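Engineer: okay, structure incoming, though there's no sequence with it:
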């Protein structure tokens, strides 16, 4: 066999594709090995925090692996003392670079100890750019062992899968699916991150991986036995977004690769440091009962490509170590003030969910700490939208956050009716209760919302919910019921004659023509009114439609008023000025003697 030809060009593909060239054949993985000094790896951990009112604190459990390669204390040795100095430096850099600005961040409970001996401790600092900031908030330590089922963990191969495809110099393809011997991913989620210009985007959720490593079990491919294949990262992997198909930001992470192979009695090994300069793709999904991590990366080493694909998955109950809790807030969150704050869902894999912290405008300049507890009751808010963030901690310091918009609507009781004038008004029944009924309301227990309208002049008042049934798409909105009343103490008895409507087609004004194009479920009422009259408008719905948003349109077609030539519903000097050339034709009796305002009612 032409071993020189074999060593000259070997291509591995799909899961891990490596293309080599070398001087001299001492086997496989023959691209030139870099001479990286190996240092003892250390584990660095600390608590980063900022003080909150009421004696509370927002905390992050910082953790990272270190490979100290400098004699920082100048004692002619690289040892744990240098690791301690490096740990403190990395924490300071992490706070300055990756934490929200405008807050006083502090560190405490710093701890340094030697890491597992199975880790190859190499910090390839000679690869540009300089080593990125280490560490990240504590979250999850995901570990896979013996995924072929031969060991005590008994994780199936489908949960930890690598596929390798090799094409030799003759064009022959060779495929293997080597087994994963060991994999470790230490990661967490956070809301907030700096953009490429250094601006902190507090609502941009992302993940960080402080350590990732994996080893393949020995495998054969085209007569070659690969006895060792190992990759681990150097520094923190910071993603450019959260969730599926996020990418490691270019230049925020480096990888160290070591490989050794044997063939026909010869052996060879190589180690190299790889700069992530393309944005490694990562598919990352975490749910309360499922975790998926897909790594798909491509490096360029001296013009030669290296591709790595790795799938790690686990269902709840499999032997892996998931510390990070999970919390989510309601969608379409609507309440009246004072409001009760509570998560829609919360979960923790190892059952040690500890505490909840609540914020408005989390990590913004106007941040407000709302309190601590799984549920906060009676929190006052102004009417409108409020950005709410909850932080859920477990007893180990791991945390998870979720942010949602809480919409505060006015109280929906008749006695708290919202004062409105002519025009279009938007509302919702999502948080409304029931305190009234109407003659055309056949489901009298449905929620209702109240408005108060003062008639400014005699005329014809038109009130409708035109457009509501088509909000979000044809016939996707509510089927509304509309009624007009005069007294909150006797709602049903004070309903104005002819002032209750379910579907607008029964309204003589045909108010929703051209607006309600589907099942014609909007409501409309038109009736004569007198000036100064107080009217209560009740918006409700049928029982077979969900409580949702609605539109209320109010229009007054004022009756003609003698002398009101500018049509502003009063007769004053403005109207007299228009007739100054010939006021006698209408008579000055129409106007107030001092040319002041005289209302038309």
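Structural biologist: Sure, I can see it. Bear in mind the structure is a predicted one, so any value in this text is a computation, not a measurement.

Engineer: tell me, what residue is most central in this structure?
Structural biologist: Taking CA atoms, centre = their mean, the centroid of the chain lies closest to residue 205, which sits 5.6 Å from it.

Engineer: gap between the host helix or strand of that residue and the chain center?
Structural biologist: Using DSSP states H and E, residue 205 sits within strand 200-216. Chain-centre distance of strand 200-216: 15 Å, with CA atoms, centre = their mean, to the nearest Å.

Engineer: which strands or helices does that strand pack on?
Structural biologist: With contacts defined as 3 or more CB pairs under 8 Å, 6 or more residues apart in numbering; DSSP states H and E, strand 200-216 has these neighbours: strand 57-66, strand 136-137, strand 180-194, strand 224-234, strand 237-238. Bear in mind the C-beta positions are built from the backbone N, C-alpha and C, glycine included.

Engineer: weakest of those in terms of mean pLDDT?
Structural biologist: If you rank the helices and strands packed on strand 200-216 by mean pLDDT, strand 237-238 sits at the bottom with a mean of 73.

Engineer: from the contact counts, what lies against it?
Structural biologist: If contacts are counted by 3+ CB pairs under 8 Å, 6+ apart, strand 237-238 sits against strand 200-216.

Engineer: thinking again about what came up before, now do the strand holding residue 205 against strand 180-194, angle only.
Structural biologist: If you take axes from the mean of the first three to the mean of the last three CA atoms, to 10 degrees, strand 200-216 sits at 170 degrees to strand 180-194.

Engineer: within its sheet, name the partner strands of strand 200-216 and how each one runs.
Structural biologist: Strand pairing for strand 200-216, determined by DSSP bridges: strand 180-194 (antiparallel), strand 224-234 (antiparallel), strand 237-238 (antiparallel).

Engineer: buried deepest among those, which one?
Structural biologist: strand 237-238 (a mean of 24; mean count of other CB atoms under 10 Å).

Engineer: strands of the stretch 401-550 of the chain, residue ranges please.
Structural biologist: In the stretch 401-550 of the chain, the strands defined using DSSP state E, counting those that start in this stretch lie at 418-419, 423-428, 449-454, 459-464, 480-485, 495-501, 524-529, 534-541, 549-558.

Engineer: as TSV, those strands with mean pLDDT, distance to residue 331 and mean neighbour count would be great.
Structural biologist: Compiled in TSV, those are given as follows (pLDDT from 0 to 100; distance: least, CB to CB, whole Å; neighbours: other CB atoms under 10 Å):
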stretch	mean pLDDT	distance to residue 331	mean neighbour count
strand 418-419	93	25	14
strand 423-428	93	14	14
strand 449-454	96	21	20
strand 459-464	93	29	22
strand 480-485	96	23	26
strand 495-501	94	32	19
strand 524-529	93	31	19
strand 534-541	96	20	23
strand 549-558	93	14	19
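
Engineer: helices and strands of the chain: which one bottoms out on pLDDT?
Structural biologist: strand 11-14 (a mean of 28; mean pLDDT, DSSP states H and E).

Engineer: so residue 469 sits against residue 523, correct?
Structural biologist: No. Checked against CB atoms under 8 Å, the pair residue 469 and residue 523 is beyond contact range at 9.3 Å.

Engineer: neighbour-wise, which of those two wins?
Structural biologist: residue 523 (33 against 28; other CB atoms under 10 Å).

Engineer: quick check: the gap between the more buried one and residue 432.
Structural biologist: 16 Å (CB to CB, to the nearest Å).

Engineer: follow-up on the earlier one: dump the helices and strands packed on strand 200-216 into CSV; add distance to residue 84 as well.
Structural biologist: Converted to CSV, these look like this (distance: least, CB to CB, whole Å):
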stretch, distance to residue 84
strand 57-66, 10
strand 136-137, 19
strand 180-194, 20
strand 224-234, 19
strand 237-238, 24
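
Engineer: can you say which of the ones you listed is nearest to residue 492?
Structural biologist: strand 180-194 (49.3 Å; CB to CB).

Engineer: quick one: the closest one to strand 57-66, angle?
Structural biologist: Angle of strand 180-194 versus strand 57-66, following the same axes, to 10 degrees, is 130 degrees.

Engineer: how far off centre is strand 180-194?
Structural biologist: Distance, centroid of strand 180-194 to centroid of chain: 17 Å (CA atoms, centre = their mean).

Engineer: next: stretch 465-483.
Structural biologist: 30 Å.

Engineer: list the buried residues of that stretch.
Structural biologist: 465-471, 477-483 (16 or more other CB atoms under 10 Å).

Engineer: burial of the closest residue to residue 443 other than its chain neighbours, as a residue count?
Structural biologist: Take residue 443 and drop its neighbours on the chain: the residue closest to it by CB to CB, 6 or more residues apart in numbering is residue 543, 3.3 Å away. By other CB under 10 Å, the residues close to residue 543 number 12.

Engineer: got the contact list for residue 543?
Structural biologist: 442, 443, 445, 446 (CB atoms under 8 Å, 6 or more residues apart in numbering).

Engineer: for it, give its distance to residue 441.
Structural biologist: In terms of CB to CB, residue 543 sits 9 Å off from residue 441.

Engineer: returning to that earlier point: of all the contacts of residue 543, which two lie farthest apart?
Structural biologist: Longest span within those, CB to CB: 442 and 445, 10.6 Å.

Engineer: who's more crowded, those two?
Structural biologist: Ranked by neighbour count (other CB under 10 Å), residue 442 and residue 445 place residue 442 first, with 12 against 9.

Engineer: ok, residue 546 to residue 330 distance?
Structural biologist: 15 Å.

Engineer: which one's more surrounded, those two?
Structural biologist: residue 330 (16 against 10).

Engineer: on that earlier part again, among the buried residues of stretch 465-483, give me the pair with the biggest separation.
Structural biologist: Using CB to CB, the buried residues of stretch 465-483 span at most 21.7 Å, a distance reached by 470 and 483.
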